[in-house]
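Visitor: Next one to model:
(2 chains)
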Number of protein chains: 2
Amino acid sequence: MLSKSQVKYIQSLGHKKSRDEERMFIAEGPKIVEDFLWNGSVGIKQIYAVKNWLDGNNKNTGDIDLIEITEQELERLSLLKTPNQVLALVEKFELPNENDLKNKLSIVLDTIQDPGNLGTIIRIADWFGVKDIICSNDCADMYNSKVVQATMGSIARVNVFYKELLPWLKEQDSIKIYATALNGNAINDFGKIREGIIVIGNESKGINDSILEIADEKISIPRIGDAESLNAAVATGIILSHLV
Amino acid sequence: MLSKSQVKYIQSLGHKKSRDEERMFIAEGPKIVEDFLWNGSVGIKQIYAVKNWLDGNNKNTGDIDLIEITEQELERLSLLKTPNQVLALVEKFELPNENDLKNKLSIVLDTIQDPGNLGTIIRIADWFGVKDIICSNDCADMYNSKVVQATMGSIARVNVFYKELLPWLKEQDSIKIYATALNGNAINDFGKIREGIIVIGNESKGINDSILEIADEKISIPRIGDAESLNAAVATGIILSHLV
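Guide: Numbering: from 1, shown residues only, chains lettered A, B, ... in the order given. Down below sits the predicted model:
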């Protein structure tokens, strides 16, 4: 039986302020929780799950605190529209303060505010072997439950940093910056790239002018039809598939 | 002042059954409604909007029935979490029964059930100049409001058909079928293609085996990192960017 304070605590983690204070976030559903369990470096602290899930997974949970709950209790706890068997309380990852971005491709996100887009971009980065994503401070919070869900487990394999972009980018003066822009050179004209920072902008506003100014190259995805724009995650996938 | 029956009628269009019976659907927000207004062939029947929007757009609305409502009334009508100024009742498009798929690229969707994914794929098709999307009967309904929103207006420029896929594909015996599959040939090994049907499968189950069997080519997006899969819309974008 769940206590009121447990319910309240878990629900509070739907808000960034509480996640920051507690240094915890929520992951939901068998796919992601099991992915985290297999990835030993992810700090699951507690698992709330229905009997069925616990029966199938009790060999993999080590000394994690397991709490059996009913479907009705899961519904009260869950931040999802359709709760799915299991919910885990996870400690925020300890990320290195700085990562060396030499000899690899990294992604910079300028004001990607939609949590689904941010999560999908983390998953795309993981698919293409990109290890580091640097977000402007006004991007969605990586520990937002919609972001966590959309990453499908990739959140545990990609380093996501938050920075004030312009000064940070200026410090990376030895690494080429590729900015996506409607008036850039066609992606098909670029070969594979071994090192560089690829900047993706906000869907409606694009990349901040001050960042465009310091970019070494501008890249565009040629438009053949009539759509006004592409979804930011789709654009990221297309660009990585050509450059990696 | 809205009548109860108006509210009830509009809310009923949140359900496929009513949309099918009435042959109407709902489009919301200035972006999409204005896109439809500019595209003269789209049959907007009624517009419910706040004063502000009506004042800015009354020159473009011709003889469409305009109803001024308050923000509170819009909230009652809207299917969106954050209603946005205007909601239009639109007649379903009259699509040709069959389109000639010769000399062009077309997309076939096998069981894409997430409305956001279907809408994003319609938008991607529009970007790359693909005119025809053929959906299996168990794909999301193209007139679902989440699909309409995610297309960002592209729904009026792309033909979307629903078919029982296997027999229909067998009839297209003169056109090459390219199926996306994890064990396919790398997308980078394909040149540009002038004619063909590209099949995209359900995210977790992939493409139905019976369809894979009749495919002429299998295509994959090379994975470099560890993510298990790519989002279906992202995969569509990547494949089109290489083949178109």
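Visitor: how about the residues of chain A near chain B?
Guide: A:116, A:120, A:123-130, A:152-154, A:157, A:187, A:221, A:223-231, A:233-235, A:237-238, A:241-242, A:244 (CB under 8 Å from any CB of the partner chain). From N, CA and C alone the C-beta is placed, and that goes for glycine too.
Visitor: Only the buried residues of the lowest-mean-pLDDT helix or strand in chain A, if you could.
Guide: Least confident helix or strand of chain A, by mean pLDDT, DSSP states H and E, is helix A:30-38 with a mean of 90. Buried residues in helix A:30-38, counted by 16 or more other CB atoms under 10 Å in any protein chain shown: A:31, A:32, A:33, A:34, A:35, A:36, A:37.
Visitor: Kindly report the same for stretch A:118-125.
Guide: A:118, A:119, A:120, A:121, A:122, A:123, A:124, A:125.
Visitor: Filter these down to the ones in helices?
Guide: Mapping the buried residues of stretch A:118-125 onto helices (DSSP state H) picks out A:118, A:119, A:120, A:121, A:122, A:123, A:124, A:125.
Visitor: how about those in CSV, adding pLDDT?
Guide: CSV is the format used below for these (pLDDT from 0 to 100):
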residue, pLDDT
A:118, 97
A:119, 97
A:120, 97
A:121, 98
A:122, 98
A:123, 97
A:124, 98
A:125, 98
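Visitor: ok so, going back, now, the residues of chain A next to chain B that are in helices?
Guide: A:116, A:120, A:123-127, A:233-235, A:237-238, A:241-242.
Visitor: Now list the buried members of these.
Guide: Judged by 16+ other CB under 10 Å, buried ones among these: A:116, A:120, A:123-127, A:233-235, A:237-238, A:241-242.
Visitor: I'd like these laid out as TSV, including distance to residue B:88.
Guide: Formatted as TSV, these follow (distance: CB to CB, whole Å):
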residue	distance to residue B:88
A:116	25
A:120	29
A:123	34
A:124	34
A:125	38
A:126	40
A:127	38
A:233	27
A:234	26
A:235	28
A:237	32
A:238	31
A:241	36
A:242	38
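Visitor: Now do the domain split for chain A, please.
Guide: Using automatic domain parsing, the domain parsing of chain A gives A:4-91, A:105-243.
Visitor: For those domains, state which one has the densest average packing.
Guide: domain A:105-243 (a mean of 20; mean count of other CB atoms under 10 Å in any protein chain shown).
Visitor: What segments of chain A are helices?
Guide: Going by DSSP H, chain A shows helices at A:4-12, A:16-22, A:30-38, A:51-57, A:71-77, A:115-127, A:145-151, A:165-171, A:209-214, A:232-243.
Visitor: In terms of mean pLDDT, which of these ranks lowest?
Guide: Lowest mean pLDDT within these: helix A:30-38, at a mean of 90.
Visitor: Counting by contacts, list what it packs against.
Guide: strand A:44-49, helix A:51-57, strand A:86-91, helix A:145-151 (3 or more CB pairs under 8 Å, 6 or more residues apart in numbering or on different chains; DSSP states H and E).
Visitor: let's see it at 10 Å
Guide: Contact here means 3 or more CB pairs under 10 Å, 6 or more residues apart in numbering or on different chains; DSSP states H and E; on that basis helix A:30-38 packs against strand A:24-28, strand A:44-49, helix A:51-57, strand A:86-91, helix A:145-151.
Visitor: contact partners of stretch A:187-195?
Guide: By CB atoms under 10 Å, 6 or more residues apart in numbering or on different chains, the surrounding residues in contact with stretch A:187-195 are A:101-106, A:174-176, A:178, A:180, A:184, A:196, A:217, A:219-222, A:235, A:238-239, A:241-244, B:188, B:192, B:241-242.
Visitor: correct me, but residue A:227 touches residue B:126?
Guide: Yes. Between residue A:227 and residue B:126 there is a contact under CB atoms under 10 Å: 3.9 Å.
Visitor: Which residues are in contact with each of the two?
Guide: Common contacts of residue A:227 and residue B:126, defined by CB under 10 Å, 6+ apart, comprise B:151, B:152, B:153, B:154, B:157, B:158.
Visitor: Same list, these, but only the ones touching chain A.
Guide: B:151, B:152, B:153, B:154, B:157, B:158 (CB under 10 Å from any CB of the partner chain).
Visitor: Looking at these, which two lie furthest apart in space?
Guide: Within these, B:152 and B:158 form the most distant pair, 11.7 Å apart (CB to CB).
Visitor: shared neighbours of these two, anything?
Guide: Here residue B:152 and residue B:158 share the contacting residues A:227, B:122, B:123, B:126, scored by CB under 10 Å, 6+ apart.
Visitor: Would you mind confirming that the second one makes contact with residue B:154?
Guide: Yes. Here residue B:122 lies in contact with residue B:154, judged by CB under 10 Å, at a distance of 5.2 Å.
Visitor: and residue A:44, how far is that from chain B?
Guide: Per CB to the nearest CB, to the nearest Å, residue A:44 is found 19 Å from chain B.
Visitor: Quickly list what that residue is bridged to.
Guide: Note on residue A:44: beta-bridge partners by DSSP bridges are residue A:90.
Visitor: can you pull the contacts of it?
Guide: Residue A:44 neighbours (CB under 10 Å, 6+ apart): A:27, A:33, A:36, A:37, A:61, A:62, A:64, A:65, A:88, A:89, A:90, A:91.
Visitor: ok, it to residue A:7 distance?
Guide: Distance of residue A:44 to residue A:7, given as CB to CB, to the nearest Å: 19 Å.
Visitor: Spit out the contact partners of the nearest residue to residue A:35 once chain neighbours are set aside.
Guide: Computed as CB to CB, 6 or more residues apart in numbering or on different chains, the closest residue to residue A:35 that is not its neighbour in sequence is residue A:153, at 3.2 Å. Residues near residue A:153 by CB under 10 Å, 6+ apart: A:27, A:29, A:31-36, A:38-39, A:42, A:122-123, A:126, B:226-228.
Visitor: Can you check the pLDDT for the nearest residue to residue A:13 once chain neighbours are set aside?
Guide: Leaving aside its chain neighbours, residue A:13 sits nearest to residue A:26 (5.1 Å; criterion: CB to CB, 6+ apart). In this model, residue A:26 is scored at 96, pLDDT.
Visitor: From chain B, how far out is residue A:26?
Guide: From residue A:26 over to chain B (counting by CB to the nearest CB), the distance is 20 Å.
Visitor: how about that residue, what does it touch?
Guide: By CB under 10 Å, 6+ apart, the residues touching residue A:26 are A:10-11, A:13-14, A:19, A:48, A:77-80, A:87-90, A:143-145, A:148-149.
Visitor: Overlap of the contact sets of residue B:122 and residue B:154?
Guide: By CB under 10 Å, 6+ apart, the residues touching both residue B:122 and residue B:154 are residue A:227.
Visitor: my guess is residue A:135 meets residue A:199, correct?
Guide: No. The pair residue A:135 / residue A:199 is not scored as a contact, 11.2 Å apart, by CB under 10 Å.
Visitor: Need the distance between the two termini of stretch A:187-205.
Guide: One end of stretch A:187-205 to the other measures 20 Å (CA to CA, to the nearest Å).
Visitor: I meant stretch A:125-138, not that one.
Guide: OK, stretch A:125-138 end separation, CA to CA: 20 Å.
Visitor: What is the lengthiest strand in chain A packed up against?
Guide: The residue-count maximum for a strand in chain A (DSSP state E) belongs to strand A:177-186. Applying 3+ CB pairs under 10 Å, 6+ apart, we find strand A:177-186 packed against strand A:105-109, helix A:165-171, strand A:196-200, helix A:209-214, strand A:217-220, helix A:232-243.
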